[in-house]
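J.: 3D, please:
(2 chains)
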Amino acid sequence: MGRIVFAGAMSHVLDPDYYQRACGDEGRRTVVACMAEIARMGERFSATRADALIVVADDHLNAFSFNAVPALCVRIGRTVPRMRQDHAEAFDAVLDHMPEQYPLHEDLANQILEQGLASGFDLAMSWEAPVDHAFLSPVNTMHGTRPIPPLVPIWVNCFVAPQPTPKRCFDFGRHIARVVAASPWNVGLIATGGLSHFPELSLPRVGETDTVFDRKLIHWMERGEHEPLQELTVGELHKTGEHEFLNWMVLIGAITPARAQVRYFGELRRINMAAVEWSLP
Amino acid sequence: MSRYAINSVLYRLKKDPEFRARFESDPRTALADADLTEAERAAFAAHDVRRINELGGYLHLVMSVPGLAAH
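T.: Model (predicted):
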């Protein structure tokens, strides 16, 4: 019988040079401190010797063009490449130094997909979509030079309206937990992105965060109060710049009613950075 | 407002270096066949990223098309 042996969530633009440019010395200090905590989380994850790592993250209009935008998509196949972008800038540039190919846990991905379709989750699937910084910044920061276990990338449409609801994401997390429990594997699970930034996806509002809303989410996660999280609306997340919390909702559904421990929370003008780990039975 | 058209152009600008080069040398000609409104076309021609975003261009694309935000 399988188990979720590690669960963590964290910001996913993890690059000191990016934050130096965006926020100066304070930006560099903040992301370096956040990355140090994520690296320690990675050490604890590696100690579990898990068979696979599920990564729930969003696409920044990189893997999927406007010919199709899946609400929830499971990456299947045997390997996944990192996104390649010529003349990469902004958050795309953080990928440049990372390994180009990653193994997938094909059987676990297939079971999440197939059992999902059989139980009411109309999941999309992809054999070809590459993964961007939302997946690879946290994974590489967690592992450093240690081997990365087979991944199961799962995309949530956090940005292109209409998005799946927080409740739907939570329920999908419950599905993932059921699949893992019925499997023979010990599995790690991370969700990435956030916390608040880019409210309303408005360029003039880049540089605003909503610390009050972030702290409200953290309060509920720390107490294991997951009902109010399920009542959040996509509109609230859009207004506060909390779009990527949809990824976290999948994780919360998978580990409910576990309580979160905040490993790092740091305020910046551009984004409030966080690293959170859950205490699992 | 044609959210699809403006984002389709942004996506091509990001992912297609040849299209991006044609846009850089002559934006109006490069976008001649695109199904854009005149307001959208003018915003692209002026490299006005704030206006492109206001017209429905997704923030992450606006910020990550090579060279677009630097104008």
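J.: The closest residue to chain A within chain B: neighbour count?
T.: Chain B approaches chain A most closely through B:Pro66 (3.7 Å), counting by C-beta to the nearest C-beta. For glycine as for every other residue, the C-beta is placed from the backbone atoms N, C-alpha and C. Using other C-beta atoms under 10 Å in any protein chain shown, B:Pro66 is surrounded by 18 other residues.
J.: For the closest residue to it other than its chain neighbours, give me its contacts.
T.: Using C-beta to C-beta, 6 or more residues apart in numbering or on different chains and skipping residues adjacent in sequence, the residue nearest B:Pro66 is A:His87, 3.7 Å away. By C-beta atoms under 8 Å, 6 or more residues apart in numbering or on different chains, A:His87 lies in contact with B:17, B:66-67.
J.: hmm, 10 Å instead?
T.: Taking C-beta atoms under 10 Å, 6 or more residues apart in numbering or on different chains, we find A:His87 in contact with A:93, B:14, B:17, B:20, B:65-67.
J.: Narrow these to those that are buried.
T.: When the contacts of A:His87 are checked for burial by 16 or more other C-beta atoms under 10 Å in any protein chain shown, the buried set is A:93, B:14, B:20, B:65-66.
J.: For those residues, work out which two are farthest apart.
T.: The most widely separated members of the buried ones among the contacts of A:His87, counting by C-beta to C-beta, are A:Ala93 and B:Arg20 (16.4 Å).
J.: So A:Leu195 sits against A:Ile218, correct?
T.: Yes - at 8.1 Å, A:Leu195 counts as touching A:Ile218 under the criterion of C-beta atoms under 10 Å.
J.: Close to chain A: what parts of chain B are there?
T.: Residues of chain B that fall close to chain A, judged by C-beta under 10 Å from any C-beta of the partner chain: B:3-12, B:14-17, B:20, B:49-54, B:57-70.
J.: Output stretch A:258-268 as CSV, nothing but the C-alphas.
T.: Extracted C-alpha coordinates of stretch A:258-268, given in CSV (Å, rounded to 0.1, in the frame of the first residue of the first chain):
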residue,chain,number,x,y,z
ALA,A,258,-2.7,17.5,7.7
ARG,A,259,-1.4,20.8,9.1
ALA,A,260,1.2,23.0,7.4
GLN,A,261,4.4,24.3,8.8
VAL,A,262,5.7,27.5,7.3
ARG,A,263,9.4,27.1,6.6
TYR,A,264,9.7,30.6,5.0
PHE,A,265,7.6,33.6,4.3
GLY,A,266,9.2,36.8,3.0
GLU,A,267,7.6,39.9,1.6
LEU,A,268,8.8,41.6,-1.5
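J.: quick check, nearest of the contacts of A:His87 to A:Asp214?
T.: A:Ala93 (25.9 Å).
J.: quick one: contacts for the closest one?
T.: Residues near A:Ala93 by C-beta under 10 Å, 6+ apart: A:15, A:17-18, A:21, A:85, A:87, A:133, B:64.
J.: which residues of chain A fall in strands?
T.: Taking DSSP state E as the test, the strands found in chain A are A:3-10, A:52-58, A:72-75, A:79-81, A:101-103, A:124-126, A:151-156, A:186-192, A:260-266, A:273-278.
J.: Around chain B, pick out the residues from chain A.
T.: Within reach of chain B by C-beta under 10 Å from any C-beta, chain A has these residues: A:58-62, A:64-67, A:84-93, A:132, A:159-161, A:198, A:200-206.
J.: Show me how to select, in ChimeraX, the buried members of those residues.
T.: Command for ChimeraX that selects the buried part of these, burial taken from 16+ other C-beta under 10 Å:
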select /A:58,59,60,61,62,64,66,85,88,89,90,91,92,93,132,159,160,198,201,203,206
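J.: phi, psi of A:Cys158?
T.: With angles defined as degrees, to the nearest 10, A:Cys158 sits at phi -90, psi -20.
J.: Thanks again, I'm all set now.
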